[in-house]
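Engineer: Requesting a structural model of the entry that follows:
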Amino acid sequence: MAESKEDAHVVEIPVDEEHRHKAACSAAMQSHPLAEISRSPGHFLLLKLWQREEDLFGRRMSRKESRMDTMRREIFHLCTQFFLFHGLFFTILFASSAQQQRCDKWWVPSLLSGCASGAIAFLVQLKLWRFWKVEGQLQRERGEARALTRCVQELRMKGASFDLSKEPNRGKRLKSSSVEIKWGPLTWCSRYRLTLFLISFAALALPSCRFLLCA
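Structural biologist: Predicted coordinates:
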């Protein structure tokens, strides 16, 4: 009786190559700057502090941008009320002048128009001052946020070799690619053009009261 014997085949798996690949990946991960930062308490703490400060900068800038948008709408509403007032004022003045001639009292509506126009123009200028103040604060914070972001990127690239004594150069202003006009009168007129326009319109409206009542 012949017995059939099954041949046993042993398949050898080349584990050396796999181990070498895993070892190379592990060594690469260990030498990565972020891994070096995680092993260094000082660099890790500095990265967390700067990331938290970045988040605070972002929130503050977002609030200031929202506040500037609100002030823009308020200035627009004040200008709209300015022209609505003059439109309604001249309509009433024209209707009253058609019924009776009151030329001797022409200065009364002129004074009323001047006072109302001056009050609205002052409120507009007050809103503009606040807008420029917030805009200046926003520009400074943007510069500080850019300096902080550059330091965070440098820390992430250098890892443990990053100098812990280094601080963001927040006092340095970035050079603008556009040429800024710094001539005094032109800059002043550019900043106050809206207020100057309202005052000029109000000044033209003053003699119109006399014209409507005495024509």
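
Engineer: Which of the helices or strands spans the nearest residue to residue 169 once chain neighbours are set aside?
Structural biologist: Here the nearest residue to residue 169 in space, its sequence neighbours aside, is residue 147; by CB to CB, 6 or more residues apart in numbering that works out to 5.4 Å. All C-beta spots, glycine's among them, are computed from the backbone N, C-alpha and C. Using DSSP states H and E, residue 147 maps to helix 107-158.

Engineer: Okay, helices next: where are they in this structure?
Structural biologist: 15-30, 33-39, 41-99, 107-158, 184-191, 193-214 (DSSP state H).

Engineer: so who does the residue positioned nearest the centre of the chain touch?
Structural biologist: Geometric centre of the chain, nearest residue: residue 65, 4.5 Å, by CA atoms, centre = their mean. Contacts for residue 65 (CB atoms under 8 Å, 6 or more residues apart in numbering) come out as residue 138.

Engineer: That one and residue 154, how far apart?
Structural biologist: According to CB to CB, to the nearest Å, residue 65 stands 27 Å off from residue 154.

Engineer: Residue 93: neighbouring residues, count only.
Structural biologist: Applying other CB atoms under 10 Å, we find 19 residues neighbouring residue 93.

Engineer: likewise the one 3 residues further on?
Structural biologist: For residue 96, the count of nearby residues is 13 (other CB under 10 Å).

Engineer: measure it to residue 90 for me?
Structural biologist: 11 Å.

Engineer: now residue 191
Structural biologist: To residue 90, residue 191 is 30 Å away according to CB to CB.

Engineer: Over to residue 155?
Structural biologist: Where residue 90 is concerned, residue 155 sits at a distance of 65 Å (CB to CB).

Engineer: quick one, which of the two is more surrounded?
Structural biologist: Shown here are residue 155 and residue 90; by other CB under 10 Å, residue 155 has more neighbours (23 against 16).

Engineer: I'd say the more buried one and residue 44 touch.
Structural biologist: No. Residue 155 is not in contact with residue 44 according to CB atoms under 8 Å; the separation is 10.1 Å.

Engineer: so what sits against both of those two?
Structural biologist: In contact with both residue 155 and residue 44: residue 37, using CB under 8 Å, 6+ apart.

Engineer: What number of neighbouring residues does the nearest residue to residue 40 once chain neighbours are set aside come out with?
Structural biologist: The shortest distance from residue 40 to any non-neighbouring residue, by CB to CB, 6+ apart, is to residue 160 (4.9 Å). Number of residues near residue 160 (other CB under 10 Å) recorded here: 16.
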